[in-house]
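Visitor: Predicted model follows, preceded by the sequence.
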Amino acid sequence: MTYPAPATAAALALIMAGAPAAAQQTALAVGDPAPVFDAVDAYGKPWRSADVVGEKILVVYFYPAAMTEGCTKQACAFRDDHSVLQELGAEVVGVSGDRGLNLIAFRESNRLNFPLLSDTAGVIAGAFGVPLRQGGTITRTVEGRELELTRDVTAARWTFIIDRRGRIAYKETEVNPEGDSKAVIAAIRKMQG
């Protein structure tokens, strides 16, 4: 399996320094058109927002790092609420600066039932105005093996809902990891009510 190469040091320097890249954009507000973006999932498969928006409500949540406590609680809550979200016509994707192998470990060890997208250069986060900081490496034991999990950038924990018209219908920048999926469900019900 091949994955896209991590961002170059120069590209990361531009993002981290706040240079005129997508990361410099002003944060989006409710009512704004949502960015259209392409990414690869944990397994290196292409994923396109344009394939979802218009057909379903899209929940895009940015999280700092796979296999960390808060991010695991947040992902597992979305996993546990997956059927409710589907009934409401929503699809969820998680986005982080993690590399593909990290996402595979995260997805499989927690039996996640939605796509995790790799944003190693912070381009998707930048398009949404999500703050970025330097990446890092953590060590975790997965199925008895010790793995070093490196992420190239670390995104802030922000959540967005994109309605079927392609507009930002909900934005949360002070996300409670454990309660995020419930807050999203409540927001979608309010949108539909």
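Guide: Cool, got the structure.
Visitor: helices and strands of the chain: which one has the lowest mean pLDDT?
Guide: Scoring the helices and strands of the chain by mean pLDDT, DSSP states H and E places helix 9-17 at the bottom, with a mean of 34.
Visitor: buried set for the helix or strand just after that helix?
Guide: Going down the chain from helix 9-17, the next helix or strand is strand 38-41, by DSSP states H and E. Residues of strand 38-41 classed as buried under the neighbour-count rule (16 or more other CB atoms under 10 Å) are 39, 40, 41. Every residue, glycine included, has its C-beta placed from N, CA and C.
Visitor: what does strand 38-41 rub up against?
Guide: Counting contacts by CB atoms under 8 Å, 6 or more residues apart in numbering, the residues outside strand 38-41 that touch it are 3-4, 46-49, 95, 100, 103, 115-119, 124.
Visitor: partners of residue 137 in the sheet?
Guide: The partner list for residue 137 in beta bridges (DSSP bridges) reads residue 150.
Visitor: quick one: contacts for it?
Guide: Counting by CB under 8 Å, 6+ apart, residue 137 touches 148, 149, 150, 151.
Visitor: same question, residue 61
Guide: Residues counted as contacts of residue 61 (CB under 8 Å, 6+ apart) are 74, 78, 92-95, 157-160, 175, 180, 184.
Visitor: What is the neighbour count of the residue nearest to residue 34 when sequence neighbours are not counted?
Guide: Take residue 34 and drop its neighbours on the chain: the residue closest to it by CB to CB, 6 or more residues apart in numbering is residue 162, 4.3 Å away. Burial of residue 162 is recorded as 27 neighbouring residues (other CB atoms under 10 Å).
Visitor: do the one 4 residues further on as well
Guide: Residues lying near residue 166 (other CB under 10 Å) number 15.
Visitor: cool, the one 5 residues further on as well?
Guide: Burial measure for residue 171: 18 neighbouring residues, criterion other CB under 10 Å.
Visitor: now the helices for the protein?
Guide: Using DSSP state H, the helices of the chain run over residues 9-17, 69-80, 82-87, 100-109, 123-128, 180-192.
Visitor: and the residue most central in space within the chain, how far is that from residue 177?
Guide: With the centre of the chain defined as its mean C-alpha position, the nearest residue by CA atoms, centre = their mean is residue 95, 1.8 Å away. As judged by CB to CB, to the nearest Å, residue 95 and residue 177 stand 15 Å apart.
Visitor: excluding its backbone neighbours, what's nearest residue 59?
Guide: Of all residues not flanking residue 59 in the chain, residue 92 sits nearest, at 4.4 Å (CB to CB, 6+ apart).
Visitor: check contacts around the one you found.
Guide: With contacts defined as CB under 8 Å, 6+ apart, residue 92 is in contact with 59, 61, 78, 82, 85, 114, 184.
Visitor: between those residues, which is closest to residue 132?
Guide: Nearest to residue 132 among the contacts of residue 92: residue 61, at 15.3 Å, using CB to CB.
Visitor: how close does the closest one get to residue 93?
Guide: With distances taken as CB to CB, residue 61 is found 8 Å from residue 93.
Visitor: Fine by me, we can end here.
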